[in-house]
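Sharing a sequence plus its predicted fold:
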Amino acid sequence: MAHHCLMLLAGIFFLALQLVLAEECAKYKVTNCEECIKSGPGCAWCKKQNFTKAGEPDSVRCDTVAKLSERGCTSTDVINPPSIAILKENKPLGKSDTTVTQLQPQHVVVDLRPEQPKTIKVDFKLAEGYPIDLYYLMDLSFSMKDDLNNLRKLGTQILDELNRITKSARIGFGAFVDKTVLPFVNTHPEKLKNPCPDTNSPCQSPFGYRHVLSLTDEGKLFKEKVTTEEISGNLDAPEGGLDAMMQAAVCGDKIGWRNVTRLLLLATDDGFHFAGDGKLAAILTPNDGECHLTNNEYTKSTEFDYPSVAQLAQKLEENNIQPIFAVTKKMVPTYQALSKLIPKSAVGELSDDSSNVVQLIKEAYNNLRSQVILEHKNLPNDITITYDSDCGDNQKKSQREPKGRCDNVQIDQQISFNVTITATRCFDNPQTVEIRPLGFTESLKVTVSTRCKCECDEPGRKDDCGGNGNIVCGICSCKKGFLGKNCECRAEEKTTQDLESACHRDNGSAICSDAGECICGTCSCHGSDIQGKQIYGTYCECDNMNCELNNGRLCGGNGKCDCGTCKCNEEYEGSACQCKKSIKSCLNSRNNVCSGRGSCVCDICQCTNGYQPPFCETCPGCAVPCAKYALCIECEHFKNEKNTEKCKTVNCTGFTANIVESLGKDKMCKEKDSVNCFMSFTLKENDGFDSYSATVLKDRECPQPPNIVAIVGGTIAGVALIGLLLLILWKVVTEIYDRREYHRFEKEKQKAKWDTANPLFKSATTVVVNPHFSSE
């Protein structure tokens, strides 16, 4: 209930907004009737002669009807073309001897004013016994073996049931498996001959899609054709159903579709391949949506990818075909999701052996027939269409929808749609739009053109426009060689553009600032409806009202407004002349106004260059020119032989410096003089600009010269001391190392123990015995 209330409120708001916009005229640079009409649906043009006052532009002729009437324009002089609709073909609803009419009217010519909508009432009445074409598209993969057997038995029953619904029913048959390439189908030669798991049962080679029987009213022929078909097989679970549906939709001449209710029944127990799946088999070419049946076989199955869901939905809609998905229980959610993407489609649960297919077709057809969706085709960019649906007393009314829709429509029930057509701009050639109920063969042809011309039939006189032109819709249309509002200017070699360029203040401004009229290259400023307001200036850029207010009065009542600036009386000042002249609060301690660094406005200093109120004495962000005045201080108080020449050229006019024993807490300057001494001083800015006085510290900071003897002696002593320390360090390290080696030797000596003499010792004495020597 709350949702319905919100929809109702939104509709009321939109209607109120339309009414408000229709009462407004947003004109811009309007110079004639046609430009006025194009400005908006609320604009009207007054063709009354001498309607404008002196100095007024022709744009005042363009306004709302109410405002034009207030200015004295009668209804006979107002040009305000409305949007109109003319019925060209309007057959009544119901049956005649040869035809059945369910949609009324059949052809409407609409002449639209831009942005002014026109509503057409379209009636629809569901007729009983409307002819039906049913094309049965069956999955012949091996899992559908029982379904095929039952379809052979039910062949004539399907057509008999259709004939109970209508006196003119036809049925056709087609079959599909999948693309005959890996990984969809086993391409082994033996498997291509017999792809079924049971090699003993009859089985035909796999195929993509085959058209078996064109639409016919012979039930026996349908049964015979189905009986000749055998089951087949493939590898993966999803089938090539979308491929088959696409060919059945676009090959209308071979299927035999009539211009009646067209039903396409897809019977399967598994899912479907869609665009992109062909990449698994290196099929990269997108489906082209064209018919490729040769000898009733889909010959491009292995060359084109599967169609996308959106592509298939578009082709089904173009060919006015309503699909019925007859699928097993496990596949119902999948195909319900698919059905949401395909308008005017239905899903029915198929028993495992398809024994309920007759009842399924009857229920699906009733559901599709009871749903009426009104939509348009081939809508140009400059036209918009919305639908208001009135489906009867028991259903809510929808407004401003992109499609009209009614559900649960019964036989002989009449429903209505208000179709609102709007042209967003003018176009030269008529445009044609087709509006039709989806799934039905009838349609409404709407021929749309725009009303952007003004039909003015004023009698002409010789003295019109000074004899140099004719009156067209109340304004002058000048002859060649003449220009101006009353054709009073001779063009000679100048064009209108040349004359108008002289009335532009600059390239970005309007002609005469949009406040005047360019007459022969000179601005003639408009008068004003506001009492006392004057528009003036070379380009009508000035007036005496557009100035600052004070206490609700222009220039505070103490001056005059001149081209946006207040010219104050002698005793007043300020941007709005809001205060009397006074400098009492602007005088500093030296009795100078704003310290010479600002102006006193309304008794308050308006400081310049970063100086601060109240007297513009301080400037926190300004740099102190210490270096600039350092030489002046040195020449005046610390003159010496080195700066004599510099002091002759320095200009210190107006600069004063005082010597003190100590400086205060002000910001101190510290600068080096010509003898490398540092001078300390503070600067104080005098009133005005670039005028300073200094306070200088008496004593300078002069660094002492270096002691050469001490530096040299210290350097030598340092080098000698470092050398001595290095020798001592070396001696200490050597001593420690020798002591460690000696200690190690003593330990080794104590460990050595021999029972005899030292085996390493060799005597230095050699005993030689003479063998010939005898003691005797």
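Structure received.

Tell me which stretches of the stretch 401-550 of the chain form helices.
Using DSSP state H, counting those that start in this stretch, the helices of the stretch 401-550 of the chain run over residues 496-501.

okay, and for it, where does confidence drop off?
Along the stretch 401-550 of the chain, the model assigns pLDDT under 70 to residues 491-496, 529.

Quick check: the residue lying closest to Trp257 once chain neighbours are set aside vs Asn686, distance?
Setting aside the residues directly before and after it, Trp257 is nearest to Asp133 in space (Cβ to Cβ, 6 or more residues apart in numbering), at 5.8 Å. From N, CA and C alone the C-beta is placed, and that goes for glycine too. When Cβ to Cβ, to the nearest Å is the yardstick, Asp133 and Asn686 sit 107 Å from each other.

how about the strands in the stretch 651-776 of the chain?
With DSSP state E, counting those that start in this stretch as the definition, the stretch 651-776 of the chain shows strands at residue ranges 656-660, 668-672, 678-685, 692-697.

Same check on the stretch 401-550 of the chain?
The residue ranges that make up the strands of the stretch 401-550 of the chain, judged by DSSP E, counting those that start in this stretch, are 404-406, 414-423, 431-437, 444-450, 469-472, 475-478, 482-483, 489-490, 516-519, 522-525, 535-536, 542-543, 549-550.

quick revisit: mind putting the strands of the stretch 651-776 of the chain in JSON lines, distance to Leu93 and mean neighbour count included?
Formatted as JSON lines, the strands of the stretch 651-776 of the chain follow (distance: least, Cβ to Cβ, whole Å; neighbours: other Cβ atoms under 10 Å):
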{"stretch": "strand 656-660", "distance to Leu93": "111", "mean neighbour count": "14"}
{"stretch": "strand 668-672", "distance to Leu93": "104", "mean neighbour count": "16"}
{"stretch": "strand 678-685", "distance to Leu93": "98", "mean neighbour count": "18"}
{"stretch": "strand 692-697", "distance to Leu93": "103", "mean neighbour count": "19"}
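
okay, those in TSV with mean pLDDT and distance to Val650 next?
What follows is these, written out as TSV (pLDDT from 0 to 100; distance: least, Cβ to Cβ, whole Å):
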stretch	mean pLDDT	distance to Val650
strand 656-660	82	13
strand 668-672	84	14
strand 678-685	85	15
strand 692-697	84	14
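
Of the ones you listed, give the one that comes closest to Met245.
In this view, those are compared for proximity to Met245 by Cβ to Cβ, and strand 678-685 is the closest at 92.8 Å.

got any ranges where the stretch 1-150 of the chain has weak pLDDT?
Scanning the stretch 1-150 of the chain with the threshold set as pLDDT under 70 gives 1-23, 54-55, 97.

rewinding a little: between Asp133 and Asn686, which one's more packed in?
Set side by side, Asp133 and Asn686 give different neighbour counts by other Cβ atoms under 10 Å, the larger being at Asp133 (24 against 16).

was I right about the more buried one contacting Leu265?
No: with contacts counted by Cβ atoms under 8 Å, Asp133 stays clear of Leu265, the gap being 11.0 Å.

so where's the stretch 551-700 of the chain shaky on pLDDT?
Those would be 641, if you go by pLDDT under 70 across the stretch 551-700 of the chain.

how about the helices of it, start to end?
For the stretch 551-700 of the chain, applying DSSP H, counting those that start in this stretch gives helices covering 626-637, 644-649.

Report all helices and strands that the last one contacts.
Read it as helix 644-649. Of the remaining helices and strands, those touching helix 644-649 by 3 or more Cβ pairs under 8 Å, 6 or more residues apart in numbering; DSSP states H and E are helix 626-637.

Which residues are in contact with the residue nearest to Tyr572 when sequence neighbours are not counted?
In space, not counting the residues next to it along the chain, Tyr572 is nearest to Asn558; the distance is 4.1 Å by Cβ to Cβ, 6+ apart. In this structure, Asn558 makes contact with Cys568, Asn569, Tyr572, Cys577, Gln578, judged by Cβ atoms under 8 Å, 6 or more residues apart in numbering.

What's the local residue count around the fourth one?
Using other Cβ under 10 Å, Cys577 has 25 neighbouring residues.

if we can go back for a sec, Throw the strands of the stretch 651-776 of the chain into a markdown table and include distance to Val108, thanks.
Formatted as a markdown table, those follow (distance: least, Cβ to Cβ, whole Å):
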| stretch | distance to Val108 |
| --- | --- |
| strand 656-660 | 99 |
| strand 668-672 | 93 |
| strand 678-685 | 87 |
| strand 692-697 | 91 |
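
Between which two of the contacts of Asn558 is the distance greatest?
Distances among these were taken as Cβ to Cβ; the most separated pair is Asn569 and Gln578, at 12.0 Å.

neighbour count winner among those two?
Set side by side, Asn569 and Gln578 give different neighbour counts by other Cβ under 10 Å, the larger being at Gln578 (21 against 16).

Let me know which of the helices of the stretch 551-700 of the chain is tucked in deepest.
Of all these, helix 626-637 carries the top mean neighbour count, a mean of 18, counting by mean count of other Cβ atoms under 10 Å.

Now do it against strand 692-697: the angle between them, please.
Orientation check (axes from the mean of the first three to the mean of the last three Cα atoms, to 10 degrees): helix 626-637 against strand 692-697 gives 70 degrees.

Keep only those of the contacts of Asn558 that are in strands.
Within the contacts of Asn558, residues falling in strands by DSSP state E are Cys568, Tyr572.

Any idea how many residues pack against Ser345?
Burial of Ser345, expressed as a neighbour count using other Cβ under 10 Å, amounts to 24.

Is Lys344 in a helix, a strand, or coil?
Under DSSP: H, G, I helix; E, B strand; the rest coil, the three-state class of Lys344 is coil.

Find the nearest non-adjacent residue to Val181, please.
Counting by Cβ to Cβ, 6+ apart, the residue nearest Val181 is Ala281, at 4.4 Å.

can I assume the one you found is in contact with Phe184?
Yes: contact status for Ala281 versus Phe184: in contact at 6.5 Å, counting by Cβ under 8 Å.

So between the two, which is more surrounded?
Per other Cβ under 10 Å, whichever of Ala281 and Phe184 has more neighbours is Phe184, with 26 against 16.

correct me, but the more buried one touches Ala237?
No: Phe184 is beyond contact range of Ala237, at 10.4 Å (criterion: Cβ under 8 Å).

pull the CA atoms of whatever helix or strand Tyr365 lives in into CSV?
Using DSSP states H and E, the element containing Tyr365 is helix 357-369. What follows is helix 357-369, C-alpha atoms only, in CSV (Å, rounded to 0.1, in the frame of the first residue of the first chain):
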residue,chain,number,x,y,z
VAL,A,357,4.1,-31.9,-22.6
VAL,A,358,0.5,-31.3,-23.9
GLN,A,359,-0.7,-29.9,-20.6
LEU,A,360,2.5,-27.9,-20.3
ILE,A,361,2.0,-26.2,-23.7
LYS,A,362,-1.6,-25.3,-22.8
GLU,A,363,-0.6,-23.7,-19.5
ALA,A,364,2.4,-21.9,-20.9
TYR,A,365,0.3,-20.5,-23.8
ASN,A,366,-2.4,-19.3,-21.4
ASN,A,367,0.2,-17.5,-19.3
LEU,A,368,1.8,-15.9,-22.3
ARG,A,369,-1.5,-14.9,-23.8
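
ok, back up a step: out of the strands of the stretch 401-550 of the chain, flag the one nearest Thr156.
The stretch from the strands of the stretch 401-550 of the chain with the least distance to Thr156 (Cβ to Cβ) is strand 431-437; that distance is 31.3 Å.

and that closest one, what does it pack onto?
Applying 3+ Cβ pairs under 8 Å, 6+ apart, one finds that strand 431-437 contacts strand 372-377, strand 383-390, strand 444-450.

could these go into a markdown table alongside distance to Glu645 and mean neighbour count?
Output for these, formatted as a markdown table (distance: least, Cβ to Cβ, whole Å; neighbours: other Cβ under 10 Å):
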| stretch | distance to Glu645 | mean neighbour count |
| --- | --- | --- |
| strand 372-377 | 99 | 19 |
| strand 383-390 | 90 | 19 |
| strand 444-450 | 92 | 20 |
